[in-house]
Every structure is written in structure tokens, then in C-alpha cells.
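1. sequence and predicted model, in that order:
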Amino acid sequence: MLQLGDECVTFEKGSSLAETFYDNLNERICTVRGNGAMGICGKKVCAKDPVISLRIRDLGRIHIIKFSKNDKYLAVQRHENSVDIVVVDPNSQISSHEVTQTCKMKSAKIKGIEWITNNQFLLITTQGLELYQIEERKHSIKLLKTLNSMQDWSVYHPASSLLVLASGPSHSQLQPIVIKGGQFHRLTRFEADFGVSNANTHLQEQNVSVEILYGRLFLRTLRFSRRDSSVSDVALYEIPSDPNAVPKLRYVLGLGLPGMFGVHVIDSLVIVHLQQQRRSLVFDIAIRPEEVNQWAVLEVEMTPAPALLALTGGLPLLSPLYSHSWVIFSPDIVIDPDAGLFSRVTLQPVRAVERVKNTMSLLHFLFNRSGAKKAALLQLCEAVMRRALKQRELSSILDLINGRLAAAAAATDAAPAARTAATGWAGLYFEEARTPLSLPSHSWPLVRQEELQSHVLIPASEKEESESKRYLANAQLAYIRSLRKHGVEVDPYLNDSLVETLVAAGEMSRLYQLVNYRTIGDSKPLAFLLLSYEARYPPLFQAGVDMLMRSGSGAAADEMAEVLLAKGHLVEALRYLDTAALSDRPSTAVRILESALDSDRPIRHALHNFMQYQRKSKNGFADHLSLFERDYKYLFSPKELEEAERATAFADASLEVIDI
């Protein structure tokens, strides 16, 4: 599941003539020979990326070397109070143009250099911070801002432009600062707990990093046991977007095993490497985001990738996996200086199917991964077919899927202020407060209705057992309810599929209730489908009739009349046509008149009375109406007609005196 060396390159080992530096901004390993006079070689972890080669003057030993993001400038520190900015010429391997910048603050010594933008760099000194900008046209450097601050060490996170300064007696007082727009923006200071003991009296720089997990910013620290020097757990402090809010301890990742020597973050997973056990613990905080104490979802062993084995020519690795010589950098870099190997750790989330036994944890884990949507849908389909999930668990998974779908739609269509309505782990869209802190948005894998239908519901419907059909019907109903709960319009074919599943399961009375309570949405095809089930469950015929008439169109009335006429229900057909002129539907009128000729006398009399209202316009069926009226004269005797008219008049008079 974890592989080392899917992307890897080799570099020259350190020696008396060559020194090796790591450029965290560009994830580049830099080899400096002869203080730069014999060459500087910069390699990225991907072998396909171009290699930077240049030579500079030998002006003394190099302590820090870092390229700008666009590789146009190279910052070189040779002296404790100055930095040299080298202009990299892509057309020449010899760079002769350098600009030296001395610390602005007197007696300040440089402790670190960070590139903020392509032409802005930060000097972290013993006296504070100095932000400079390179004036390309003038070939000069301009001071933008200074900040007096005493710190013991610092950690910089390029993706968020966040600098964390450590101070205090135990170096645990942390001051986050956002560097943006040529300004320093202080966030709220806080203190990190690292487990003070006799063996660990100070929080050290190598035990702290800034990470982005699911679009949220965290400061990660190692906490040590108070009894010995072993690492007991990993603490994650969430840094809020509100500059006035205090960062708080959000999660504690329990290890339970000694020998921790490195932490990586891959696809928002925190991966803790254990050297003694030669294993790695995988933590996913999004599975149970409300719980502070987190435990590993997986315990896996790292394996060499085929690319790494090809690089060594099939020979054994010079250093074993989990070697004590490894130097680990966030988010996923491993440098083995003994072997001269620069590689990346990659994750294959699909392999979790073989290791995670809990179905809910597995589904959450896969749906949280960026490249495992098909595997997640396959596992959900198998869970439905095996009836492995309780109704509450199934609803929870479907709410997770549809919550993210609704949140993504809200972020795309609505105004920024409306995005805040979709908060939490379903969508992770937070209020855009007035803060300089900006993070790259997190994109969840979105499962659309047609995908869930084709990969889960349709394959699961192939099982013939009645219990499986009932379980599938519950799953379909839970999915439709979840869609409506999150304001997502339900595709009509989902309702049709639910009806067919309920019929296959023999749940006819339940289907009738769902239609009556409008849980299943109205549609003309579904109405005719319900009409076809009259023989199996007669009440569904009336439910289909009502659904068809709720469409409110004249075409629906025609279709309903045709259905009723086919069943010989002439009076019922007239009931659905008396709201509009029959002359507008000549074909339907002809069918009614033809059916009336074969009906009994009371029905023909009722039709005659109805036709009195249609005399104003006979276009299209005048011949049939004349034929019907001619036959009607011989249907009743004058005495019968007189008695019928008298009874009708008496009924009308009785209705007039009723006080409603």
C-alpha cells in the first residue's frame, strides 16, 4: 500500500569536495562541489524534471542554498550576516552576476532564508525578520519590511505563506505569522504541549511541521512520554482562519508503539513511520472527525516501488527500508544520504480493501481518497449485496456522499457568503473571513447520481432473493431521502428504479404508501407504470391516475381518458375531460361516442347531458355527434324523459335550500 521510490533519482553522496542541501520550496536536492566553483547540481524527485546545473564563484563555504520558485534566482548564504542573490542564466552554466545583501539589523546573524514569492525573500535572523524584494530592472534589492522578534527557531510553510516562530524557556511558545503582500500579519500566539521531561526539556524544530489536512491548516508536534524519551503521540493544533482565534489542540494521534522516527502527510493522511517495527501507521482524521483521540486505521509495511528496483538494476537496496540514515521531509520526501537516493513515498489506497476489515471504516477511508472513487463504489455495492450495513450506517454513508455533492454545488453556484452554509466534513467550505491566511481548497471525490446508480444500485438489483430486494429498496429509499435532505434534485430514473425494486420484492402496499405520501416524485412514465400494476395491487391504479392528473396538462387528460376507455370506464373518462372543451380533442371525443353506442342506457343518458355543453363547437366530430343524437331519440320513451327531467329539477331545487 505504501511504496518508496515510485519517483526517485540518485545524487552524489556527501564528501570532502561535495555538500548536499535540500530545498524545501522546490523539493529539490542540491549538490554543491567546490563551494560552487566546480558546479551546483539541482535535481527534483521526478527523473523527468529538468536538472539545474550552474557554477558560481568560490567565495567561501556555503551554509544555505535555495532556488526561487521560478528558478530565476538562487539565494546563497556564505557569511553569517549576508546573503548573495545569484541570477541564474538558463543559457549559460556560469552565473557571474550576484547581488549581496547584508542584514539591516546590526549584529544580526542569519538563521534561515525563505523565498516568499518569485522575487521576494525573507531573512530570519537572531534579531527578527527582514523581507526583501529584488528589483530586476535596477539589479538591486529593496527592503520591504522588518519585524523585531526573538526566536529560537522557525518553521515555514510555503503553501500557506505561514511562518511559525518558537520562543520561550522551553521553545514551546509559538507565534504564527502570515507573510503576504509585503506585510507581516501576526496570528494569535499559543503554547504547544510536547511532553516536557528530563530527557526532552525543549521543543525542537525537527519535531514540528505545518500540514494541510482536508483543506484545514494544522501545526503538527511530537509529544514525548514524561517517563522516557520515546514519542507517545502526535498532536495536531488547528490554526483557524480568524486571526483573533487561538489555535487549539484538535487531534491526538495515539501510537501505542515505540520507535517513531518520521511523519509524512499523503492525501490528507498522517503516516507515522516506526523504525523498530519497520511498519507505518496510517491515520485518517476524517473518519471520526468529532473525536479528539485518534487511532490508526491501518498498519502497513512500506515496499520498494518497481521504479526504485529498476534504478538499482535489480540489486538489493544499499540501505534497508526504514533505515536509520533516512532523512524525512514533509509531505512525502525521503532522502538516504548513505545510498545517495532521493525518493518519494506514494500511497495506493485501493489496497486498503485487503487490510481494513470494518466495512464502515473502509468506505469512509476510500470515499476520502482522491483516486479511489471506483473502488469505494465497488465496496459499497458489495456491502449492499451482502447486506453488511445497518440502515443507520447506510444512511450515514449516503449523507456523506450527498453532503459533499451539495457543498460543491453551493461553492460553484452561490455567492461566497452562501458557501458558509455548507460547513463541516461533508463539504469543508469555511467562512471567508478577513484574514491573510489563504489555503488551497480541498476537492472531495464527488459521486453523482448516475454513478451511484450504474456502479451500485443496478449491479445490486441483479440478486434475485426477496430479502436482497427488500434491502436494496431500503437503500434506494435512503438514497432518495438523502438527496432531498441536502437539496439535490432527484433524477426521475431513481424513482422508477425504486418502484421496480419494491414490486420485485412484493412490497406493493409499501409502494402505495410511498406514492400517496409523495415520497416518490410524480412523473408521467411512473404514473403509467403504476397503472400497469393494477392486476397485482388494484389501489395502484387509482394512485397512477392521480399522479397522471397532477401533471396538470391537457395531454395528461387525453392519455388518462384513453386508459379509462380501454378499460370500459366511460363515465370516469368523461370526469377527466369536463375541465376542457371536448372539441379540442376530436380523436378522444370520437372514441367516447363510439364507446357510448355499446354502453347501457344510463351511461348513454349521462353522455347526452354532457354533450349539451359541447354544442358550441363540434369541429372534428360533428358526424359522430349527430349519429349519437339520432340514436338517442329512440333510447327513451317521452314518458321516461319527462320523469327524468322532473327528478333532475327536484334534485336541483333541494340543493338550493341547503344551508352550507
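-> Received the coordinates, thanks. Numbers count the residues shown, from 1 in each chain.
2. centre-most residue in the protein?
-> Centrality entry for the chain: nearest residue to the mean C-alpha point is Trp444, 1.4 Å, by CA atoms, centre = their mean.
3. hang on, that residue is in a strand, isn't it?
-> No: checked against DSSP: H, G, I helix; E, B strand; the rest coil, Trp444 lies outside a strand; its state is coil.
4. hang on, it packs against Ala408?
-> Yes: if you go by CB atoms under 8 Å, Trp444 and Ala408 touch, sitting 7.2 Å apart. C-beta: built from backbone N, CA, C; applies to glycine.
5. how close does the residue nearest to the centre of the chain get to Asp6?
-> Distance, Trp444 to Asp6, using CB to CB, to the nearest Å: 24 Å.
6. kindly report the same for Arg510.
-> Here the criterion is CB to CB. By it, Arg510 lies 51 Å from Asp6.
7. so these two - more neighbours on which side?
-> Under the neighbour definition other CB atoms under 10 Å, Arg510 and Asp6 were set side by side, and Asp6 has more, 18 against 14.
8. doesn't the more buried one fall inside a strand?
-> Yes: assessed with three-state DSSP, Asp6 lies in a strand.
9. just the pLDDT for it.
-> We have a pLDDT of 92 for Asp6.
10. that one touches Met302, doesn't it?
-> No: at 11.5 Å, Asp6 and Met302 do not qualify as touching, with contact defined as CB under 8 Å.
11. for the stretch 1-150 of the chain, just list every one of the strands.
-> For the stretch 1-150 of the chain, applying DSSP state E, counting those that start in this stretch gives strands covering 2-10, 18-23, 28-33, 39-44, 52-54, 64-67, 73-79, 82-87, 98-102, 110-115, 120-125, 128-135, 140-148.
12. tell me the most buried of those?
-> Comparing the strands of the stretch 1-150 of the chain by mean neighbour count (mean count of other CB atoms under 10 Å), strand 120-125 comes out on top with a mean of 23.
13. quick one: the helices in the stretch 251-400 of the chain, in order.
-> For the stretch 251-400 of the chain, the helices defined by DSSP state H, counting those that start in this stretch occupy 306-311, 359-367, 373-386, 391-413.
14. with Ala573 as the reference, name the closest of those helices.
-> helix 391-413 (42.1 Å; CB to CB).
15. point out the other helices and strands that that closest one packs with.
-> helix 359-367, helix 373-386, helix 416-419, helix 466-485 (3 or more CB pairs under 8 Å, 6 or more residues apart in numbering; DSSP states H and E).
16. who touches the helix or strand that the last one is followed by?
-> Proceeding C-terminally, helix 466-485 gives way to helix 492-504 as the next helix or strand, assigned by DSSP states H and E. For helix 492-504, contacts defined as CB atoms under 8 Å, 6 or more residues apart in numbering pick out 449, 453, 457-458, 461, 469, 472-473, 476-477, 479-480, 483, 508, 510-511, 514, 520-521, 523, 525-526, 529-530, 533, 536.
17. run the last query once more with 7 Å
-> Here helix 492-504 makes contact (CB atoms under 7 Å, 6 or more residues apart in numbering) with 449, 453, 457, 461, 469, 472-473, 476-477, 480, 510-511, 520-521, 523, 525-526, 529, 533.
18. how near is Ala505 to Ile177?
-> Going from Ala505 to Ile177 by CB to CB gives 62 Å.
19. quick one: contacts for the nearest residue to Ser482 once chain neighbours are set aside?
-> Take Ser482 and drop its neighbours on the chain: the residue closest to it by CB to CB, 6 or more residues apart in numbering is Leu398, 4.2 Å away. Going by CB under 7 Å, 6+ apart, Leu398 touches Ala478, Tyr479, Ser482.
20. output stretch 326-335 as CSV, restricted to C-alpha atoms.
-> Extracted in CSV, the C-alpha atoms of stretch 326-335 (Å, rounded to 0.1, in the frame of the first residue of the first chain):
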residue,chain,number,x,y,z
TRP,A,326,16.9,8.3,6.3
VAL,A,327,16.1,12.0,6.5
ILE,A,328,12.4,12.6,6.2
PHE,A,329,10.8,15.8,4.9
SER,A,330,7.2,16.8,4.7
PRO,A,331,5.0,16.0,2.9
ASP,A,332,6.4,12.7,1.4
ILE,A,333,10.1,13.0,0.8
VAL,A,334,12.8,10.5,1.9
ILE,A,335,16.5,11.3,1.5
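21. and it, what's buried?
-> Using 16 or more other CB atoms under 10 Å as the test for burial, stretch 326-335 gives Trp326, Ser330, Pro331, Asp332, Ile333, Val334, Ile335.
22. as JSON lines, those residues with distance to Ser172 and pLDDT would be great.
-> Formatted as JSON lines, these follow (distance: CB to CB, whole Å; pLDDT from 0 to 100):
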{"residue": "Trp326", "distance to Ser172": "27", "pLDDT": "92"}
{"residue": "Ser330", "distance to Ser172": "20", "pLDDT": "90"}
{"residue": "Pro331", "distance to Ser172": "24", "pLDDT": "93"}
{"residue": "Asp332", "distance to Ser172": "27", "pLDDT": "94"}
{"residue": "Ile333", "distance to Ser172": "26", "pLDDT": "96"}
{"residue": "Val334", "distance to Ser172": "28", "pLDDT": "96"}
{"residue": "Ile335", "distance to Ser172": "28", "pLDDT": "95"}
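23. can you name the two of those residues that are farthest apart?
-> Largest separation among the buried residues of stretch 326-335 by CB to CB: Trp326 and Pro331, giving 15.3 Å.
24. isn't Val83 right next to Gly112, touching?
-> No: contact criterion CB atoms under 7 Å: Val83 and Gly112 do not qualify, at 10.5 Å.
25. and Pro247, what pLDDT?
-> pLDDT, read off for Pro247, is 95.
26. and His313, how many neighbours?
-> Not quite, residue 313 is Gly, not His. If you count neighbours by other CB under 10 Å, Gly313 ends up with 6.
27. before we move on, what about Lys639?
-> Neighbours of Lys639 under the rule other CB under 10 Å: 8.
28. show me where the stretch 151-300 of the chain has its strands.
-> For the stretch 151-300 of the chain, applying DSSP E, counting those that start in this stretch gives strands covering 153-157, 162-167, 173-180, 183-186, 190-191, 208-213, 216-224, 231-238, 248-254, 260-266, 269-274, 279-283, 293-294, 298-300.
29. partner strands of the third one and their direction?
-> Going back to what we said before, that points to strand 173-180. In the sheet, strand 173-180 lines up against strand 162-167 (antiparallel), strand 183-186 (antiparallel), strand 190-191 (antiparallel) (DSSP bridges).
30. so that strand versus strand 216-224, what angle?
-> In terms of direction (axes from the mean of the first three to the mean of the last three CA atoms, to 10 degrees), strand 173-180 departs from strand 216-224 by 150 degrees.
31. ok, back up a step: just tell me which of the strands of the stretch 151-300 of the chain ends up closest to Cys46.
-> Among these, the nearest to Cys46 by CB to CB is strand 260-266 (15.9 Å).
32. kindly format the C-alpha coordinates of that closest one as PDB.
-> What follows is strand 260-266, C-alpha atoms only, in PDB (Å, rounded to 0.1, in the frame of the first residue of the first chain):
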ATOM      1  CA  MET A 260       8.800   6.600  15.800                       C
ATOM      2  CA  PHE A 261      11.300   8.300  13.600                       C
ATOM      3  CA  GLY A 262       9.400  10.200  10.800                       C
ATOM      4  CA  VAL A 263       6.000  11.600   9.800                       C
ATOM      5  CA  HIS A 264       4.600  12.000   6.300                       C
ATOM      6  CA  VAL A 265       1.300  13.500   5.100                       C
ATOM      7  CA  ILE A 266       0.000  12.000   1.900                       C
END
